[in-house]
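> I'd like to go over a predicted model; first the sequence, then the structure.
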Amino acid sequence: MNSFVIADPGLCIGCRTCEVACAVSHQSGSCSGTLERESGLHLAIEDGHLVSRDSYFQPRLKVIVGSKVTTPVLCRQCEDKPCAKACPNNAIVTEDGYVKVYQARCIGCKSCAVACPYGAMAVVVQEVAPAADALFKRPQTKARALKCDLCNHREAGPACVEVCPTQALRLVTPQSLDNLNRQKQLASAEAMLAGLGR
């Protein structure tokens, strides 16, 4: 069973700290978690979403701020992976306990984004340098499917969970899910016993 991050809408305050931590954690290069831009970041909130004109600043989760709910939405690392079933190039697989996207196989068809029941898959297009042996040296574009990868590159785990000021996000592991189920079963059994008057 895959681990996943889940959000508690009752605790989320919509601060978007998780989005920033995710984007910084996944910035191009070494994923070192530091920003090295002389001109700074150009962030704005448009239509309730954190947006950037910087192509490398792409969070893999979205905070939804509405009149009735405020919560991060991110990949649930589905066991049956509708996104993977929809991918014509087998770019989406389960490895190392999470659902992974092989970017070299991604063609940007957006089938995964359409198939995801949570809206947690995003396809972004970035400008890339032309290959050294390319006939024309014009800039080219490459599509990438982005989704939560549980910050597999970080020893500390998901950056969003680490930085959330209200602990609205938590990592659910197979072991913690088993423990939660055992607690619920015990509570249910005790409630049944109390209902019998014993």
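Structure's in. What do you need?

> Grab the longest helix from the chain for me.
Longest helix of the chain, by residue count under DSSP state H: helix 174-195.

> So, low pLDDT: which residues of this structure?
Applying pLDDT under 70 to the chain flags residues 28-56, 197-198.

> Please enumerate the strands of it.
For the chain, the strands defined by DSSP state E cover 4-7, 43-46, 49-52, 62-65, 70-73, 92-95, 98-101, 122-128, 140-146, 169-172.

> So what are the sheet partners of the fifth one and their directions?
Pairing partners of strand 70-73, with direction, according to DSSP bridges: strand 62-65 (antiparallel).

> Output the strand it pairs with as PDB, nothing but the C-alphas.
Extracted in PDB, the C-alpha atoms of strand 62-65 (Å, rounded to 0.1, in the frame of the first residue of the first chain):
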ATOM      1  CA  LYS A  62      -3.100  23.400  -4.900                       C
ATOM      2  CA  VAL A  63      -4.700  25.200  -2.000                       C
ATOM      3  CA  ILE A  64      -8.400  25.600  -2.800                       C
ATOM      4  CA  VAL A  65      -9.900  28.700  -1.200                       C
END
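
> residues of it that come out buried?
By neighbour count, with 16 or more other Cβ atoms under 10 Å as the criterion, the buried positions of strand 62-65 are 62-65. Placement of C-beta: from N, CA and C, glycine included.

> Also stretch 106-119?
Neighbour counts over stretch 106-119 (16+ other Cβ under 10 Å) mark 106, 109, 111-113, 115-116 as buried.

> hang on, the earlier thing: which of the buried residues of strand 62-65 lies closest to residue 193?
For those, the residue nearest residue 193 by Cβ to Cβ is residue 64; the value is 41.2 Å.

> is it true that that closest one touches residue 120?
No: applying Cβ atoms under 8 Å as the test, residue 64 and residue 120 come out as separate, 11.2 Å apart.

> Need the residues touching each of these two.
Taking Cβ atoms under 8 Å, 6 or more residues apart in numbering as the criterion, residue 64 and residue 120 both touch residue 73.

> Find the nearest non-adjacent residue to the residue most central in space within the chain, please.
By Cα atoms, centre = their mean, the chain has its centre lying nearest to residue 148, at 2.4 Å. Residue nearest to residue 148 in three dimensions, not counting chain neighbours: residue 75, with 3.9 Å by Cβ to Cβ, 6 or more residues apart in numbering.

> now residue 92
residue 84 is the one closest to residue 92 (Cβ to Cβ, 6+ apart), at 3.9 Å.

> is it true that residue 72 touches residue 169?
Yes: Residue 72 lies in contact with residue 169 (Cβ under 8 Å); the separation is 6.3 Å.

> Between the two, which contacts overlap?
Contact with both residue 72 and residue 169 is made by residues 7, 18, 160, according to Cβ under 8 Å, 6+ apart.
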